[in-house]
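>>> Sequence and computational prediction follow.
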Amino acid sequence: MDKKLIFSGIQPTGTFTLGNYIGAVRNWGPLQDEYNCIYCVVDLHAITVKQEPAKLRKNTLDAYALLMACGIDTEKSILFIQSHVKTHAELNWVLGCSTQFGELSRMTQFKDKSKRHADDVNSGLFTYPVLMAADILAYNADLVPVGVDQKQHLELARNIAQRFNQRYGELFTVPEPYIAEIGAKVMSLQDPTKKMSKSDDNPNACILILDDKDTVIRKFKRAVTDSEAEVCYREGKDGINNLMTIYSSVTGKSFDEITSEFAGKGYGDFKLAVGETVADHLAPIRSEFDRLIQDKAYLKKCYTEGAEKAQRYSQRIVSKAYHKVGFVDKA
Ligand code: ATP
Ligand code: LTN
């Protein structure tokens with residue numbers, strides 16, 4: 001049987017956080033052996049909130065190199081930049097005409113982001129999930145590895161695919177979410193009831209995957225926890241639960257094993273261990289990134305080839321969609 005197809009994307013809105021890494025990107029590399037994988041830096045999505053052009057350009061290249069440093073191999077997978085492949089915007093329009101205003105109004109990310117960016121509630125922010133559906137459906141992806149915050153968008157992509165298929169005849173694969181059991185929602189170190197996010201104003205709230213060892217340790221030392229002293233996973237202990245989740249996903253140890261490891265020790269020892277383990281885990285990514293980002297010619301070769309393959313792959317499917325809705329065939 002043919003291998004299943006994986007598709008996922010990440011926005012170039014800044015250095016990836018430990019949340020992006022544990023919840024999503026970290027799982028992308030190992031999937032390459034079992035599946036055909038297509039990964040994308042979604043710069044079109046990034047401009048739904050204000051971006052400085054020079055910074056967006058730099059962040060996009062950085063994100064591309066970071067994905068490679070995190071183990072995505074351009075010999076095994078297709079890795080490209082979204083704006084280089086025109087089928088995404090083309091299919092976006094068609095799918096937008098199969099998406100209801102009411103559905104988009106219910107998206108929690110839109111509600112959150114329109115509150116946070118009240119001076120710029122643009123229509124791209126509103127239709128963001130349609131473009132995400134186009135990303136996925138243009139390749140007929142089977143599985144989409146994401147953090148839990150993207151589940152609602154994926155549900156919408158499934159509905160759009162089903163609706164299109166019913167109206168125009170079978171074309172799109174209805175994609176399934178692929179969500180890690182542990183670490184699908186890494187929380188802020190300063191407010192463990194909130195998701196860790198690149199766009200948090202408090203720099204101590206998130207670990208960036210390019211932070212150096214001292215910074216990582218310092219941020220974990222300052223992590224907000226409760227006033228007890230036992231390292232165990234229990235409802236209400238949001239700060240400790242989050243640190244245990246991080247430690248577990250980096251070391252592979254179960255919560256019980258972690259509790260025994262730190263029995264009789266305090267939170268201070270635990271935070272230090274989490275900091276050191278995470279920093280040591282991230283160190284090779286940082287050095288690989290430093291090496292790759294110097295070699296602009298190599299990066300350009302990789303993203304140019306990636307875009308060519310993605311264009312060829314998605315064009316077949318998008319041309320079929322154009323035909324099905326009744327557009328006159330071009331050639
Ligand atoms: P922004 O803060 O700019 O909105 P973001 O940090 O939420 O961005 P995205 O580029 O939107 O990052 O997300 C990339 C991937 O990382 C998605 O699959 C998303 O579900 C996942 N992700 C983001 N934050 C977390 C988190 N705190 N825990 C687990 N997964 C996360
Ligand atoms: N909306 C996603 C990024 C994204 C994506 C995709 C993820 C854009 N297109 C397609 C999976 C598949 C986010 O993480 N905020």
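Received it, and whenever you're ready, just let me know what you need. Ligands and ions are numbered 1, 2, ... in the order given.
>>> For the stretch 51-200 of the chain, what lies in contact range of ligand 2?
Counting by Cβ under 6 Å from any ligand atom, the stretch 51-200 of the chain comes close to ligand 2 at 132, 135-136, 144, 146, 150, 153. Glycine gets a C-beta too; all of them are placed from N, C-alpha and C.
>>> One more pass at 8 Å, please.
By Cβ under 8 Å from any ligand atom, the residues of the stretch 51-200 of the chain that approach ligand 2 are 82, 109, 128-129, 131-132, 135-136, 141, 144-147, 149-150, 153-154, 157.
>>> quick one: the residue in the chain that ligand 2 sits nearest to from Ala89, how far?
Closest to ligand 2 within the chain is Gly9: 3.5 Å, counting by Cβ to the nearest ligand atom. Applying Cβ to Cβ, to the nearest Å, the value for Gly9 to Ala89 is 14 Å.
>>> more neighbours, these two?
Per other Cβ atoms under 10 Å, whichever of Gly9 and Ala89 has more neighbours is Gly9, with 23 against 13.
>>> Low-confidence ranges, the protein, go.
The model of the chain has pLDDT under 70 over residues 1.
>>> rerun at 90
Applying pLDDT under 90 to the chain flags the ranges 1-2, 181-182, 198-201, 227, 229, 330-331.
>>> biggest helix in it by residues?
Using DSSP state H, we find that the single longest helix of the chain is helix 296-325.
>>> Which residues of this structure lie near ligand 1?
Counting by Cβ under 8 Å from any ligand atom, the residues of the chain near ligand 1 are 8-11, 13-14, 16-20, 22-25, 42, 45-46, 49, 109, 113, 145-150, 183-188, 195-200.
>>> Asn140 belongs to a strand?
No: Asn140: not assigned to a strand; according to DSSP: H, G, I helix; E, B strand; the rest coil it is coil.
>>> Now do the same contact list for the residue lying closest to His45 once chain neighbours are set aside.
Spatial nearest neighbour of His45, chain neighbours left out: Gln11 (5.3 Å); criterion: Cβ to Cβ, 6 or more residues apart in numbering. For Gln11, the contact set (Cβ atoms under 8 Å, 6 or more residues apart in numbering) comprises 41-43, 45-46, 63.
>>> Could you work out the most separated pair of those residues?
Using Cβ to Cβ, those span at most 11.7 Å, a distance reached by His45 and Ala63.
>>> what about the strands in the chain?
5-10, 36-41, 78-81, 143-145, 176-178 (DSSP state E).
>>> Dump those to a markdown table, plus distance to Ile207.
Shown next, in a markdown table, are the strands of the chain (distance: least, Cβ to Cβ, whole Å):
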| stretch | distance to Ile207 |
| --- | --- |
| strand 5-10 | 16 |
| strand 36-41 | 21 |
| strand 78-81 | 24 |
| strand 143-145 | 21 |
| strand 176-178 | 24 |
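>>> and those, which is most packed in?
strand 36-41 (a mean of 25; mean count of other Cβ atoms under 10 Å).
>>> Fine, thanks again, bye for now.
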